[in-house]
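> Attaching a predicted model along with its sequence, questions to come.
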Amino acid sequence: EAKPLSLSALAKPPVRAGKTARTARQNGLRDTAKRPPRQRHKGHRATTTPRRHDRQTITTLTKLKPTMKKTIITALLAIMALAHAGAAKNYPENSDYLWVTVPDHDNWTYKVGEEAIIDVQFYKYGIPRDATIEYSIGGDCLPDDTHGKATMKRGKATINMGTSRKPGFRDLRLTANVDGKKYTHHVKVGFSPDKIRPYTAEPADFTEFWQSNLSRAAAFPLKYTREPAPEYTTDRVEAWLIKLQTDREGHSLYAYLLVPRGAKPGSCPVVLTPPGAGVKRIKRVAEGMYYPENGVIRLVTEIHGLDPRLPETTFDDIRAAFDGRVKGYLYQGLDNRDNYYMRHVYTGLVRCIDLLTSLPEWDGRNVITQGGSQGGALAIIAAALDTRVTLCVANHPALSDAGLTGGYPHFTEKDGMLTPEKLETMAYYDVANFARYVKATTFMTWGYNDNTCPPTTSYAVWNTLACPKECLVTPINEHWTSAGTDRAQLDWILSKLKK
């Protein structure tokens, strides 16, 4: 059994320009403790989500230069002949109406001090409609600070969003009243996002804390059960349901292990895919069958130790026990870093890698972590905790700069979460603090219109990563990736494998 590797053994990079880590610890977290709560604008998602299978067309593709140079691949949806080149559409499924928002910079990105001009179009039944737009503008997932009105003539209006005096994002929130019904939409643009830095400071004993936890988990022998999973077994894939005990405290997790049928010893890379947030069955197993079908072993996990074969009513009851919220468990135990719910989840990631690297089919060279949202966070964290990881793929990672800046799980939404004790604990679990320890070549993707894992927090992570890295920036995206992007990530993995 391979031993987990030490965070403290990794060379810590120099302190970034700007605030020093010491200054951030002394002044940062407490200086803005009265920051106003973030705003969710729940109506936006329902009015801006197109069909998954036609969500993405890449219009600008820049090949990444080696190592740490940042490549931004701007991806905009193909627009119909309703608007000029550079526009992007958010068309709800089976909808009678269409918003089109066209920033005057094609990549939706500006320098600090530049004004952002947005052409706004509204169509109902494909017909441009006259209407008065009420709009507001605010920071990324923060309250509005500007309000105004614009008149659409033949379905078109132009709104000047102004600028930002510091790196970050501004969100234009639109409401049109047409035929007695309100229609909402939003569009975010970035201002010098490559200069965004995490607000969350790294605790002085961060590496010591996690090395202690990893050592304690490693002292427990690798222990798991495996039984056939016929629901996912095919003529090309052998599927198994795994129950892995991760520590002496009795924590465990379930996972589906998908192995290429007939794989020879020493022939397969391994991929760990942790889940998105929630207390739920293991999702999207069948959608990723192209991993084992292309010679890659994949372990798709949950994190709560709940058998995925349990009835849905049981999951409902457990969610209710976590105050009825999808993310309720992410609030549990924050008063003390040793009691936080995610402590055993993070160390459990290394135990999953122990399992994968114990398989006779593992090729002995390639270990990949891959996931989205909470799963994207856990993919990065696993790559930081275990240097056996050679590649990392993360979509819009959650738990990133997540204290006062509005990152998921949006601690600012719940009363009593921003106490000094809770803020201190959050820092030990924040992806931004793990990111600087990742050595594996990393691929990230995120969207500007995401209100779940807002782009400010994805940039905080991206700009902190000091490893070889590539990214796909898709401004139109909210909290999703297309099936095409998901499949392309496997192609990226296969292209980067150690031979």
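Perfect, I can see it now. Numbers count the residues shown, from 1 in each chain.

> who touches the nearest residue to Asp140 once chain neighbours are set aside in this structure?
Leaving aside its sequence neighbours, Asp140 sits nearest to Phe169 (Cβ to Cβ, 6 or more residues apart in numbering; 3.9 Å). Glycine gets a C-beta too; all of them are placed from N, C-alpha and C. Counting by Cβ atoms under 8 Å, 6 or more residues apart in numbering, Phe169 touches Gly139, Asp140, Lys188, Val189, Gly190, Phe191, Pro193, Tyr448, Pro454, Pro455, Thr456.

> What of Pro397?
Pro397 neighbours (Cβ under 8 Å, 6+ apart): Ser373, Gly376, Ala377, Ala379, Ile380, Val431, Met444, Cys453, Thr457, Ser458, Val461.

> Low-confidence stretches in this protein?
The model of the chain has pLDDT under 70 over residues 1-93, 323-326, 403-405.

> Specify the helix with the largest residue count in this structure.
In the chain, with assignment by DSSP state H, the single longest helix is helix 343-358.

> Show residues contacting that helix.
With Cβ under 8 Å, 6+ apart, helix 343-358 has contacts from 1-2, 4, 210, 213-214, 216-218, 222, 224, 242, 244, 246-247, 249, 251, 253, 255, 270, 272, 274, 297, 299, 301, 303, 333, 337, 362, 367, 369, 378, 381-382, 385-386, 388-389, 429.

> one more time with 6 Å, if that's ok
Contact partners of helix 343-358, identified using Cβ atoms under 6 Å, 6 or more residues apart in numbering, comprise 1-2, 4, 213-214, 217, 222, 244, 246, 251, 253, 270, 272, 299, 303, 378, 381-382, 385-386, 388.

> May I have the strands that pair with the next helix or strand after that helix, each with its orientation?
Using DSSP states H and E, the helix or strand that follows helix 343-358 towards the C-terminus is strand 362-372. Each strand paired with strand 362-372, and its direction, by DSSP bridges: strand 268-273 (parallel), strand 391-395 (parallel).

> picking up where we left off before, between the contacts of Phe169, which has the most around it?
Highest neighbour count within those: Pro454, with 32 neighbours (other Cβ atoms under 10 Å).

> if we can go back for a sec, and the strands paired with strand 362-372 as TSV, adding mean neighbour count and distance to Gly348?
Formatted as TSV, the strands paired with strand 362-372 follow (neighbours: other Cβ atoms under 10 Å; distance: least, Cβ to Cβ, whole Å):
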stretch	mean neighbour count	distance to Gly348
strand 268-273	26	11
strand 391-395	29	17
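
> Could you dump those into CSV and include distance to Lys124?
Below are these laid out as CSV (distance: least, Cβ to Cβ, whole Å):
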stretch, distance to Lys124
strand 268-273, 41
strand 391-395, 33
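
> Identify the spatial nearest neighbour of His479, chain neighbours not counted.
Thr452 (3.9 Å).

> swap that for Pro269, sorry
Nearest residue to Pro269 in three dimensions, chain neighbours excluded: Asn366, at 3.6 Å (Cβ to Cβ, 6+ apart).

> just the helices in the stretch 51-200 of the chain please.
With DSSP state H, counting those that start in this stretch, there are no helices along the stretch 51-200 of the chain.

> Do a quick rundown of the strands in it.
Remark: strands assigned in the stretch 51-200 of the chain by DSSP state E, counting those that start in this stretch are 88-90, 97-103, 109-110, 116-124, 127-128, 131-139, 144-152, 156-162, 168-178, 181-191.

> Kindly calculate the angle that the longest helix of the chain makes with strand 362-372.
150 degrees (axes from the mean of the first three to the mean of the last three Cα atoms, to 10 degrees).

> starting at the chain centroid, how far to helix 343-358?
Using Cα atoms, centre = their mean, to the nearest Å, the mean C-alpha position of helix 343-358 is found 20 Å from that of the whole chain.

> One more: stretch 348-368?
Per Cα atoms, centre = their mean, the displacement of stretch 348-368 from the mean C-alpha position of its chain is 23 Å.

> how long is it from one end to the other?
16 Å (Cα to Cα, to the nearest Å).

> Would you mark the buried spots in that stretch?
Neighbour counts over stretch 348-368 (16 or more other Cβ atoms under 10 Å) mark 348-357, 361-363, 366-368 as buried.

> tell me the two of those residues that are most distant?
Maximum pairwise distance among these (Cβ to Cβ): 23.4 Å, between Gly348 and Asp363.

> Quick check: the closest residue to Lys283 other than its chain neighbours vs Leu306, distance?
Using Cβ to Cβ, 6+ apart and skipping the chain neighbours, the partner closest in space to Lys283 is Pro275 (6.8 Å). To Leu306, Pro275 is 11 Å away according to Cβ to Cβ, to the nearest Å.

> and Trp240, that's in a helix?
No - counting by DSSP: H, G, I helix; E, B strand; the rest coil, Trp240 is not found in a helix; it is strand.

> Run a quick neighbour tally on it.
Counted with other Cβ under 10 Å, Trp240 comes out at 17.

> hey, what's it bridged with?
Beta-bridge partners, per DSSP bridges, of Trp240: Pro228, Leu257.

> Is it correct that it is in contact with Leu258?
No - using Cβ atoms under 6 Å, Trp240 is not in contact with Leu258; the gap is 8.0 Å.

> Which neighbours do these two have in common?
Joint contacts of Trp240 and Leu258 (Cβ under 6 Å, 6+ apart) do not exist.

> any idea how far Asp205 is from the residue nearest to His479?
Counting by Cβ to Cβ - Thr452 and Asp205 are separated by 31 Å.

> quick one: which helix or strand includes the residue lying closest to Val431 once chain neighbours are set aside?
Spatially, and ignoring its direct neighbours in sequence, Val431 is nearest to Ser400 (4.2 Å; Cβ to Cβ, 6+ apart). Assessed by DSSP H and E, Ser400 sits outside every helix and strand.

> any idea how far Ser400 lies from Ala394?
Using Cβ to Cβ, Ser400 is found at 10 Å from Ala394.

> same check, this time on His105
26 Å.

> and what of Ala204?
Here the criterion is Cβ to Cβ. By it, Ala204 lies 26 Å from Ala394.

> hang on, isn't Arg436 packed against Thr464?
Yes - judged on Cβ under 6 Å, Arg436 makes contact with Thr464 at a distance of 5.4 Å.

> So these two - more neighbours on which side?
The residue with more neighbours, out of Arg436 and Thr464, is Thr464; 23 against 19, by other Cβ under 10 Å.

> list the contacts for the residue nearest to that one when sequence neighbours are not counted?
Counting by Cβ to Cβ, 6+ apart, Thr464 lies nearest to Ala435, which is 4.2 Å off, once chain neighbours are set aside. Contacts for Ala435 were tallied using Cβ under 6 Å, 6+ apart; they are Val461, Thr464, Leu465.

> what sits against the last one?
For Leu465, the contacting residues are Ala435, Val438, Thr442, taking Cβ under 6 Å, 6+ apart as the criterion.

> Mark which of the residues you listed are part of strands, please.
Here DSSP state E is the test, and those give Thr442 as lying in strands.

> Out of the contacts of Leu465, which comes closest to Arg154?
Of all those, Arg154 sits closest to Thr442, with 46.1 Å by Cβ to Cβ.

> now the contacts of Leu465 as JSON lines including distance to Arg319?
Rendered in JSON lines, the data for the contacts of Leu465 read as follows (distance: Cβ to Cβ, whole Å):
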{"residue": "Ala435", "distance to Arg319": "30"}
{"residue": "Val438", "distance to Arg319": "32"}
{"residue": "Thr442", "distance to Arg319": "32"}
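
> one step back: more neighbours: Pro275 and Leu306, which one.
Pro275 (23 against 18).
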